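Asks: Using only what follows, build the 3D model:
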Amino acid sequence: MRNLPLQLRTGRALVSSLMLLLIFSFSHTLRAQEFRATLTGVVTDESGAVMAKADVLAINNATQQTYKSETNKQGTYYIPYVIPGNYTIKVSAPGFDTQVQTNVLLQASEYRGVNITLHVGSVSQSVTVTDAPPLLNTASGSGSTVLTQQEIESAPLQGREIYSLLGTTPSSMSTTTNVAGSTANSYAVTNAYVVGGGIGGYQQFTLNGTNITAQSTGGAGEWEFSPNVDALQEVSVMTNTYDARYGRTGNGTIDMVVKNGTNRFHGNIYEYFENTIFNANSFTNNETGTKREATHQNQFGGTIGGPILKDKVFFFGSYEGYRQDLPDTLLTSVPTAAMRPTNGGDADFSGTGYTIYDPATTACTVSGGTLGNCTGDAYTRTAFTNNVIPASRINAIGAAVLNLYPKPNINTTNDQNNYLANTPELTNWNQEMVRVDYNTSPSMRWYSLFTMQHGTQYQNDNGFTGIAEYGSINAIHDQYTAAQDFTWTISPSTLLDVKGSFSRYFLSSPNGEFSQAQAPSTIGLTMPSIPTTSMKDLPEFTTSQYYPQVVGNVLTSGTYDDVGLAVDLTKMWGQHAFHFGGDVHHFDHGTPGQAGYANGEFEFGTTYTEKNPTESARSTDGFDIADMLLGDPVSGGVQWNPQTFTSYPAWDAYAQDDWRIRKNLTLNIGIRYDVQYGAEARGNGINRGFCTTCVNSVSSNSTYQSNLAADASALSAANINTTSLESVNGGILFAGANGQQARAYNTQWNNFAPRFGFAWQLDPLTVIRGGYGMMWAFGLENGTYTGFDETTSYDASNNGGLTSSGYFAAGTPFPSGAQAPAGASGGDQTDIGNTISMDFPQRRIPYSHMASLGFQRALPDQMTLDVRYAGDYASNVRVSTVLNAVNASQLKTAIANPNYFDQRVVNPYYGVLPSTSTIGSASTIEALTLMQPYSEFGEVAWDAAPLGRNNYSALEVKLDKRMGGPEQLAFQLAYTWSKTMTASSFTNSYPYQDTTLRYQIGPDDRTNTFAFTSQLHLPFGQGQRLFSGVNNLVNELIGGWQLSSILTAQGGFPVSLDNSYYYECNHSFRPEGGTSLKSYLYNSYSSGASLGCYDSIPTYALKTLNSRTAEVRAPTAPNLDATLQKSFTIKEGYKLTFRADAFNLTNSVLFPAPDDNPSDGAPKADAATGGYTGYGTVSLTQQNNPRILQFALKLGF
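Replies: Okay, here's the model as predicted:
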């Protein structure tokens, strides 16, 4: 393969993308967060005097829904809770002409200022202004980007997944670095976004203001629902928000607005189709001669909306279905016919290349030695004659397990790659949405919203069927959202809005075919009955060599509920528009049906058929299927895990004043107060952290004290402070026990968030905007459950693997049954002797200081330029910190003499702590363990310690052009120049932990991001600039086409560094002459040193290197997606639209980050791929999808 410099590849793709855009686009020259708009302004006469008691009407052009207001003594009118859309504003007063302003676009969550001037005349006379006013935000300092219905519906979106558009707005991007082989769709939930430079995982997604975001550890910040694109009116991406009504986010708010019905029936039906034959092959496949991956995808649905009662009640509904079939085959290995003891016969392993030894012949070769007392572990076994296990030695249960594997269906010369199976990945979902708006009186308005989605996914990982099947088998993702809103205009100056909402996200992911479950007794096993599950199934069976797992019996599940009530009171008083209100939410999380390995799992290795079980397995010794037939697993266990159910409430209160000081100056002043309680578990089944000052009860154990006294001299000789061991601290705490509160975390009562914004209109075309505010996010932790689940391990051997215990072969693997969890009754002895990790009970909610300053300028040809500085400075970011670390003095001694930590000393905990624990398992122990502050435990860590910070600064430039003008062109250009610095980890954490966090470039930092989206009506055909004189037939072919495109280009992420080495070269990490696939990181192996510029860090010496560098950025590639579409009129009111979407139109290739492991050696050619391997090289594994084409038909009416 040609080793083109990476910059050249990127440059060619970028040039190609830009040329295509130039040719086609320029052919001529939280609360339940408020999603509705607010309209305000000042009415004056021709002299500039304010007009009191003028009547103001805002009329929705589609539904004729009318909002009324009256100007106060200061001439100010204020209309909140306005459904987004196009409006006509009518203003009238006695003695003046009625002023009519059409084409006023009110966008989601917008605070829009429209000032009106009245002229002397008669109310019966009207002056109509049809030119749309400039899209200047003259009433708010907050930062946001609104994606309109036109932009949404025309954009090329793979899987029609709306969140793909986040990367087209300033300071917003996806952080996913490898999307090869994946498809965006409403089933594939993700939280991999940064919005406004905030903290990853703390963004909030809302639908009509209703939360649809997971807010629990693991999936925190994931959207739970991606609505049908054709059902959306607008999407608002809010970053720096100075309205106190918004909160509970640390990474921006993305709110989507569902369309509402109008006085006319309208709708559509559509089908989107994607198939293998339309797609390009990947770069990686082309280099290795592999055919392209197959895909079949259908996405279909429709919408309908209209009146139920004209001008009173409207409805809108949508349905979307998705069917994706990714055909694939799996070549794997199954036991051969010779290995299968059919009809009570023998099992022949002579064709495997492995020697099978008889565990019954285990003996010590040292004269006089016995099992367990053999000098040098000089054990040996005798091989089975001819590598055949006789029928008399075959265990019936082991044979039954073996028979779970299907028989080979491919003839091979060995026992591998002899089974071929079809393993398609199937993803299906159906989505329904309904919205009803109804006006019971001119002063009372309601709307109802309900959404539902049911999705399933099937992925078979082993290629087997029935009970043997394993993978993601019929996983389910379900989502429900319901909201009811009521708005009451109490008086012209007082309005009340009340909203109730509910959202639920449910997932269930079985790893086997549960409908085929069969009792363990069917293969001769008697397993413990675990009360946490009613399902009785076979254990899972794995092997240590090359045979896949058989049977899946584990269910992963989760429910996430959010019930909310929001109240907002608006009061106009003079030049002030006050909002007073608050929200109450109740969050619930559960794991229904999830019970871990309640039905057990076993692994078969080579331990019992190796020549010497105490030595590392030789390449030709032992065979896992032979161990299986003997009925001798090497490990296993059964779990007693309770289902968890936790909940917590959260509430907030706020006051907001939008103060129009002057006609051209508005201040946004607010204060918000947030409270979130800690998680509370059903039955108090949750931890409360780790007590660092409590004396552990092991200190009073007589055996421990006796051991300590007997060993004092030896321990002192090893420089161990025996006095400190006489009374040791530490122990797990439990909610609701021993005086602890019932909640896992303390409630933080100081979450006040001041907000201040301003908008100053310098002239009719220019606005200066900015502000400052605090924003509290949410606590995503859902608790830890140590002590409330228990694993009973299989006792495979009573003598260290020399001979099997025989429990499995006898049919009762757990003769003493399964051990029940001790729960809180275990007290400070819970998990003693092991490494533990607890959440920090004094948890503090992350918060951000936000600031921005910039200007908007209306430009000719319906363009608006928005330039601003934006900053987000977050604190209380989650960090994991080690409690059981040694001090600096101890570390200094260990660096000079590593034996200080490493020496084996007598273990005073032996015979005291459980023999199954790490510390209690042996009579000697490393001295380091006894020098730690909590010596009775291994590593002890606080998770969720609020120590980190995330600092973001950016210059944002946005240029918008509305559709219009002779070119019929609309576009949005977004450019961000930014820097992110983080402190979220320690350079050194164990056995010594640094006193300060490492402050370095952020993992998601990209200096430059650029996005250009456009919609262009191509100028071909009758009445257009080109080919205007063609006949009707030709005009039907070439006229009426619209081209939409999204071009994105961005810098790469900082490259990771392996900081487990010293970097010794006096040179930056950037290679001489720039980066290439062969040399992406600088290194010099000329000295002959195996690590080049790197050197190993001496034992226990401190690391000094950061974990990433901004000197070199990971490879990146521009991406161009495009849509070409045309509508054909079938008859009046009906049109058929043909559409073609291209994703990665230029077939750009994104390569992975470079190899950062110095031990991989100097770069060298890789004959298999045509690329290179070794430190600093970039592999040829494509990280993005190759070009994908999609075609669609849509019938609209």
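
Asks: Break the chain into its domains for me.
Replies: Domain assignment for the chain by automatic domain parsing gives 37-142, 155-178+208-329+423-511+554-590, 331-421+599-640, 647-857+873-947.

Asks: Adding distance to T1075 and mean pLDDT, write these out as TSV.
Replies: Quick note: C-beta positions are derived from backbone N, CA and C, even for glycine. Output for these, formatted as TSV (distance: least, Cβ to Cβ, whole Å; pLDDT from 0 to 100):
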stretch	distance to T1075	mean pLDDT
domain 37-142	40	83
domain 155-178+208-329+423-511+554-590	17	93
domain 331-421+599-640	37	93
domain 647-857+873-947	31	95
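
Asks: contacting residues around the residue nearest the centre of the chain?
Replies: Centroid-nearest residue in the chain, with Cα atoms, centre = their mean: N191, separated by 2.8 Å. Counting by Cβ atoms under 8 Å, 6 or more residues apart in numbering, N191 makes contact with 200-201, 203, 214, 219-223.

Asks: same check, this time on V334
Replies: Going by Cβ under 8 Å, 6+ apart, the list of residues near V334 reads 405-408, 418-419, 547.

Asks: of the domains of the chain, which approaches F1020 most closely?
Replies: For the domains of the chain, proximity to F1020 was assessed by Cβ to Cβ; domain 155-178+208-329+423-511+554-590 is nearest, at 20.6 Å.

Asks: can you list the domains of the chain in CSV and add distance to S1045?
Replies: Below are the domains of the chain laid out as CSV (distance: least, Cβ to Cβ, whole Å):
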stretch, distance to S1045
domain 37-142, 22
domain 155-178+208-329+423-511+554-590, 7
domain 331-421+599-640, 41
domain 647-857+873-947, 25
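
Asks: among those domains, which is nearest V1030?
Replies: Of all the domains of the chain, domain 155-178+208-329+423-511+554-590 comes closest under Cβ to Cβ, at 28.2 Å.

Asks: Give me the distance between the two termini of that closest one.
Replies: 38 Å (Cα to Cα, to the nearest Å).

Asks: do you know how far the nearest residue to D1005 once chain neighbours are set aside is from D1004?
Replies: Take D1005 and drop its neighbours on the chain: the residue closest to it by Cβ to Cβ, 6 or more residues apart in numbering is T980, 4.1 Å away. Distance of T980 to D1004, computed by Cβ to Cβ, to the nearest Å: 6 Å.

Asks: And Y87, by the same measure?
Replies: Applying Cβ to Cβ to Y87 and D1004 gives a distance of 39 Å.

Asks: Comparing the two, which residue is more hemmed in?
Replies: Higher neighbour count among Y87 and D1004: Y87, with 28 against 20, using other Cβ atoms under 10 Å.

Asks: give me phi/psi at F623?
Replies: Backbone geometry at F623, expressed as degrees, to the nearest 10, gives phi -150, psi 130.

Asks: So it sits against Q545, correct?
Replies: Yes: with contact defined as Cβ atoms under 8 Å, F623 reaches Q545; the gap is 7.3 Å.

Asks: Who's the closest spatial neighbour of T138, skipping the chain neighbours?
Replies: For T138, the spatially nearest residue (Cβ to Cβ, 6+ apart) is G113, at 3.7 Å.

Asks: What's the local residue count around that neighbour?
Replies: For G113, the neighbour count with other Cβ under 10 Å is 24.

Asks: now it, which residues is it bridged with?
Replies: Beta-bridge partners recorded for G113 (DSSP bridges): T40.

Asks: Offset the numbering so it begins at 25, please.
Replies: Sure thing, new numbering starts at 25, so read that last one as G137.

Asks: quick one: contacts for it?
Replies: Counting by Cβ under 8 Å, 6+ apart, G137 touches 64-65, 161-163, 690, 783, 785.

Asks: Could you rerun that using 10 Å?
Replies: 62-66, 157, 160-164, 682, 684, 687-688, 690, 783, 785, 791 (Cβ atoms under 10 Å, 6 or more residues apart in numbering).

Asks: Spell out which residues are contacts of both of T1004 and D1028.
Replies: Each of 218, 221, 974, 976, 1078 lies in contact with both T1004 and D1028 under the rule Cβ under 10 Å, 6+ apart.

Asks: can you pull the contacts of the last one?
Replies: Spelled out, it's P1078. By Cβ under 10 Å, 6+ apart, the contact list for P1078 reads 1004, 1024-1031, 1130-1138, 1177.

Asks: Show me how to select, in PyMOL, the buried members of those.
Replies: To isolate the buried ones among the contacts of P1078 in PyMOL, judged by 16 or more other Cβ atoms under 10 Å, type:
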select buried, resi 1004+1024+1025+1026+1027+1028+1029+1030+1031+1130+1131+1132+1133+1134+1136+1137+1138+1177
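
Asks: Take the shared contacts of T1004 and D1028 and lay them out in JSON lines including pLDDT, secondary structure and distance to P884.
Replies: Listed next are those as JSON lines, based on pLDDT from 0 to 100; DSSP: H, G, I helix; E, B strand; the rest coil; distance: Cβ to Cβ, whole Å:
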{"residue": "V218", "pLDDT": "91", "secondary structure": "strand", "distance to P884": "34"}
{"residue": "G221", "pLDDT": "92", "secondary structure": "coil", "distance to P884": "32"}
{"residue": "N974", "pLDDT": "97", "secondary structure": "strand", "distance to P884": "40"}
{"residue": "Y976", "pLDDT": "97", "secondary structure": "strand", "distance to P884": "34"}
{"residue": "P1078", "pLDDT": "96", "secondary structure": "strand", "distance to P884": "41"}
